[in-house]
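A.B. asks: with the sequence up front, the predicted model follows.
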Amino acid sequence: MGAEVIKQVVYTAMFVVLVVTAAVIVRTFTVKPRTILAPPCTEDESGFIRADKEMINRFQTSLKFETISWEPGVYNVEELLNIQEFIKSLVNVPTFLAYNLINLPPLKKENVDCLRVIQELEDMKAQIKYVSSSQLELVNFVKSGKAIKRVSETSFVSSQTDTAHHELPDFTSDLLDDNLGHNPDITPDCATDDADSNTSLVSTMSEEELPYLTSNAVGPMLNVAQERSSVLNTVKVKSRVFTRTDKHLLRDVPKHKPYSYTSYSYALQSQREHNQEYLIGSVVGKKGLQHGHKHSVNANISCQSTTDIQCRESINVVLTAQMNKAASTSKEVSKMNCTGSNVLASTINSVADKDNYRPIAIKSSKILVTTLVLLDRLQFQLDTSSNQFGFKSKHAYPTVHKSPLVSVEVIANYSLLYTVHGSNSALKPYMLTGHLDVVPVPEDDWDAPPFAAEIKNGFIYGRGTIDDKHIVFGILEALEFLLKHDFKPERTFYIGFGHDEEVAGEHGAFRIAELLTSRGIHLDFLLDEGPGVLSGVIPGVSKPVGLVGCSEKGFVTLKLEVSTSGGHSSMPEKESSIGILAQAITRLETNPHPSVFGTGPEKGTFEHLAPEMNLPYKMVMSNLWLFYPLVSRVLSWKPSTNSIVRTTTAVTQFNAGIKPNIIAPHAEAIVNHRIHPSETVQDVIDFDKKVINDDRVKITIIQSQEPLPVSSYDDDVFGWQIVKTSILQVWGHYGTVVAPGLMPANTDTRHYTEITENIYRFSPSFMLPEDLSRFHGRNERISTKNYEEAVNFFYHVIKNADKAKLEPVHKHGEEL
Ligand SMILES: CCCCCCCC/C=C\CCCCCCCC(=O)NCC(=O)O
């Protein structure tokens, strides 16, 4: 009896397995491709736009920076205020450069107002720390007086490279000389009245005031620029460092022998060992240090700063009187040597001679403003009468800008709205969008400088190449070509270039959308940046995939905070704010949000791609009804594919602590989630709270956006057809297939949801798996060939969309 039942169960199981296997096999080999070749563009196949040198050059110039800086010098309060005013104007531009404000202007003698100004400048730097850069140039920014001069038109990158790999421009020695009283521009009240000193321009400051000068709190983005700092001012401080009487520091240095390079180096190391507050220093000295002085050394100190205190000490190291006698030595030491991130460096000239050592700190100071160059380089002129950033005439794309068919509006000072007027008002307009701003470059170890637009091995390197200049310039190039060739559109279309997409587009795209709404405009479809032509990115598909974002993930940025009583590190509580917060972060990272694979447009991706896949992927993807869990797990392995199966968690910032022996009373972290369309902001917060499960961790929302609606990717839908057809016209010869997908990052499209239901996100960039990290990362680049393809893609979009409708497509394909 028992054996009979077992037999029955086994037979039934075998039968089920057989049926399932048969179903899987049948389905694998009968599933029909949904990716049907879109109807080719029958007319004007010859209209291929070849990227000539000029076109590439126009693109390159759009990627370059220009530097505007204040000449090293000594400024009075009024001049500082001028600078301050200018910087304020930048701060008011929400998308201005993140890394444009570099060092502080130097102080003038004993002027508290200077300190106030400098503090304000510091505050302003903090404010602009995280904003993105925008392609705007201050061409006609003119300030009177010698204090503020535009001293450099070289690209920021080349200057930076010089600094990093060679020597700094040798202006520092002159400045030292200036500081020694040789500068005719120095006003008498700047001179020191200290009779004992041979130095001039010595400001007296308390050590409490020094952080204003030395704070490195503005973050790594500014560090690159700090490398360009110069010796500008001398500040007298009560310092004990490097005095011969400081036995603690120099106890191991032989007293009666000339100090040698190594002994001084040793002294600095000792200093660090004995007192954690001090810097990590290295001393480089010239041979034959004496030159008549008993104890002299040239010290080049760089501080691997981890705390403000370290920064401060590194700057306030110290020298002696006699600097004017040692002018040649000063020149030697004024060469800076800064490396790595979060490094604050200062060069020290020590010429110790007398018993009466007089410590003098050398402060490096300078304001450097780097701006981007789009408008000027393209010969747009700035309209300084109304707004110094606005522009009124445009020569780079003369046909576009002179055409009676095209009108251009400047929105919110910097964004652009083009209307290309069609002749047939019965046709619903559409819109192409892109953005002018780029994200900063926190690291400089690129294969080619990030703002020089160098071409290497057929690739144009530069921040903004794929995010998002190839779209902006691809559209303008295509339109210029079409208008030159007598294109007269029937269908009106808009082109919107926002200036602050990288910081949520709330001033640019938002205002453009608002304006269009106020005019009662409703769009047939809108095309913005998105995934692209992906090769080798989607598992199992060997053909390139033109992936079009039909929806966009939402996001929520959360601040997590823990506060405890803090105290002395010798008597710690069992748990610290840092420990508690770290635990919360670990819980979030080890408990990812659950997979919701198959509930959003990513399902459509596989419905379209399964028939194109190689075995065994084809079998698995054609039978998602059976293999969902397996596929979901496999997709979770790689960051790119993981991004489409769930709400992601990225811990992007963590701040706590100021000193080794103080228990941090406060720790905070920033967590950025990208929300899958099947979840909401509230779902995400609820999940996080549950996972963290610790009331000591306070969670606040910094910014959020619900996921965007899913636009139709039915082959009957005009906008979808246009995008798909145009992709195939440009990349079809590679065997490219087109599929809908989910945009894992955010775009300006969130602002346009009221004026169209059909929003598609596609960047005309050909991407290999390793290229995905170039977005916002190192070595952002595009090949010249790909740029040509981008231009042609927009050419086809504009041509295709001008038809009343595309050919009907034969529909098949099915749910998996
Ligand atoms: C099985 C499908 C796999 C899909 C893999 C996804 C591939 C995504 C490809 C490109 C992503 C492009 C990201 C571009 C982001 C640019 C926009 C941006 O930075 N916005 C700001 C922000 O999101 O913070």
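C.D. replies: That came through fine.
A.B. asks: C-alpha from now on. contacts and neighbour counts both.
C.D. replies: Noted.
A.B. asks: which residues does the nearest residue to F459 once chain neighbours are set aside contact?
C.D. replies: Leaving out its chain neighbours, the residue that sits closest to F459 by CA to CA, 6 or more residues apart in numbering is S783, at 3.9 Å. By CA atoms under 8 Å, 6 or more residues apart in numbering, the residues touching S783 are G458, F459, I460.
A.B. asks: part of a helix, is Y760?
C.D. replies: No - the assignment for Y760 (DSSP: H, G, I helix; E, B strand; the rest coil) gives strand, which keeps it out of a helix.
A.B. asks: so where is the stretch 651-800 of the chain shaky, pLDDT-wise?
C.D. replies: The stretch 651-800 of the chain contains no residues with pLDDT under 70.
A.B. asks: what residues does it have near the ligand?
C.D. replies: A745, N746, T747, F775 (CA under 6 Å from any ligand atom).
A.B. asks: neighbours around the third one, how many?
C.D. replies: As a burial measure, the neighbour count of T747 was computed by other CA atoms under 10 Å and equals 23.
A.B. asks: you'd agree it is up against E501?
C.D. replies: Yes - T747 sits in contact with E501 when judged by CA atoms under 8 Å, with a separation of 6.6 Å.
A.B. asks: please report phi then psi for Y461.
C.D. replies: phi -90, psi 140 (degrees, to the nearest 10).
A.B. asks: now do the same contact list for it.
C.D. replies: Per CA under 8 Å, 6+ apart, neighbours of Y461: A448, P449, P450, A452, A453, E454, I455, N779, E780, R781, I782.
A.B. asks: go through those and single out the one with the most neighbours.
C.D. replies: Within the contacts of Y461, neighbour counts (other CA under 10 Å) peak at P450, which reaches 29 neighbours.
A.B. asks: please work out how many residues are found near the closest residue to it other than its chain neighbours.
C.D. replies: Closest residue to P450 apart from its sequence neighbours, by CA to CA, 6+ apart: G462 at 4.4 Å. Using other CA under 10 Å, G462 has 28 other residues around it.
A.B. asks: and G462, what pLDDT?
C.D. replies: Listed pLDDT for G462 reads 90.
A.B. asks: what does V10 give?
C.D. replies: Looking at V10, its pLDDT stands at 84.
A.B. asks: over to N111?
C.D. replies: 47.
A.B. asks: quick one: which of the contacts of Y461 is nearest D52?
C.D. replies: I455 (14.1 Å; CA to CA).
A.B. asks: so what's that closest one bridging to?
C.D. replies: Residues in a beta bridge with I455, per DSSP bridges, are I460.
A.B. asks: separation between it and T784?
C.D. replies: Here I455 is placed at a distance of 8 Å from T784 (CA to CA, to the nearest Å).
A.B. asks: which residue is the nearest non-sequential neighbour of T649?
C.D. replies: T649 sits nearest to H673 (CA to CA, 6+ apart), 4.7 Å away.
A.B. asks: please disregard the earlier target; I meant R491.
C.D. replies: G422 (4.4 Å).
A.B. asks: so how many other residues sit close to the one you found?
C.D. replies: Around G422 there are 19 other residues, counting by other CA under 10 Å.
A.B. asks: hmm, F487 and it touching each other?
C.D. replies: No - here G422 does not reach F487: they are 10.3 Å apart, not a contact under CA under 8 Å.
A.B. asks: so R750 sits right up against L708, yeah?
C.D. replies: Yes - in this structure R750 lies within contact range of L708 using CA under 8 Å: 6.8 Å.
A.B. asks: check contacts around the residue nearest to P450.
C.D. replies: With CA under 8 Å, 6+ apart, G462 has these contacts: L63, K64, A448, P449, P450, F451, A452, A453, E454, N779, E780, R781.
A.B. asks: apply 10 Å and report the result again.
C.D. replies: 60, 62-64, 441, 446, 448-455, 469, 778-782 (CA atoms under 10 Å, 6 or more residues apart in numbering).
A.B. asks: cool, and I702?
C.D. replies: Listed by CA under 10 Å, 6+ apart, the contact set of I702 reads V556, T557, L558, K559, I670, V671, N672.
A.B. asks: can you classify it by secondary structure?
C.D. replies: Recorded secondary structure, I702: strand (three-state DSSP).
A.B. asks: look up how far H673 lies from it.
C.D. replies: Separation of I702 from H673 (CA to CA): 12 Å.
A.B. asks: which residues do those two both contact?
C.D. replies: Counting by CA under 10 Å, 6+ apart, the contacts common to I702 and H673 are V556, T557, L558.
A.B. asks: narrow those to those in strands?
C.D. replies: Counting by DSSP state E, these place V556, T557, L558 in strands.
A.B. asks: helices and strands around the strand or helix carrying M621, which ones?
C.D. replies: In this structure, M621 sits in helix 617-622 according to DSSP states H and E. Packed against helix 617-622 by the contact rule (3 or more CA pairs under 10 Å, 6 or more residues apart in numbering; DSSP states H and E) you find helix 2-30, helix 602-609, helix 624-635.
A.B. asks: those: lowest mean pLDDT?
C.D. replies: What stands lowest among the helices and strands packed on helix 617-622, in mean pLDDT terms, is helix 2-30, with a mean of 79.
A.B. asks: report the angle between it and helix 624-635.
C.D. replies: Relative orientation of helix 2-30 and helix 624-635, computed by axes from the mean of the first three to the mean of the last three CA atoms, to 10 degrees: 80 degrees.
A.B. asks: next SSE downstream of helix 2-30?
C.D. replies: Helix 2-30 is succeeded, C-terminally, by helix 53-62 (DSSP H and E).
A.B. asks: which ones are touching A656?
C.D. replies: Per CA under 10 Å, 6+ apart, neighbours of A656: E561, V562, S577, I578, L581, I663, A664, P665, H666, A667, E668, A669.
A.B. asks: and T725, helix, strand or coil?
C.D. replies: Of the three states, T725 takes helix according to three-state DSSP.
A.B. asks: pull the number of nearby residues for it.
C.D. replies: The number of residues packed near T725 is 23, by other CA under 10 Å.
A.B. asks: that one contacts A739, doesn't it?
C.D. replies: No - T725 lies out of contact with A739 (CA atoms under 10 Å); the separation is 11.7 Å.
A.B. asks: about what we covered before: more neighbours: which of R750 and L708?
C.D. replies: A side-by-side neighbour count of R750 and L708, using other CA under 10 Å, places R750 first with 23 against 20.
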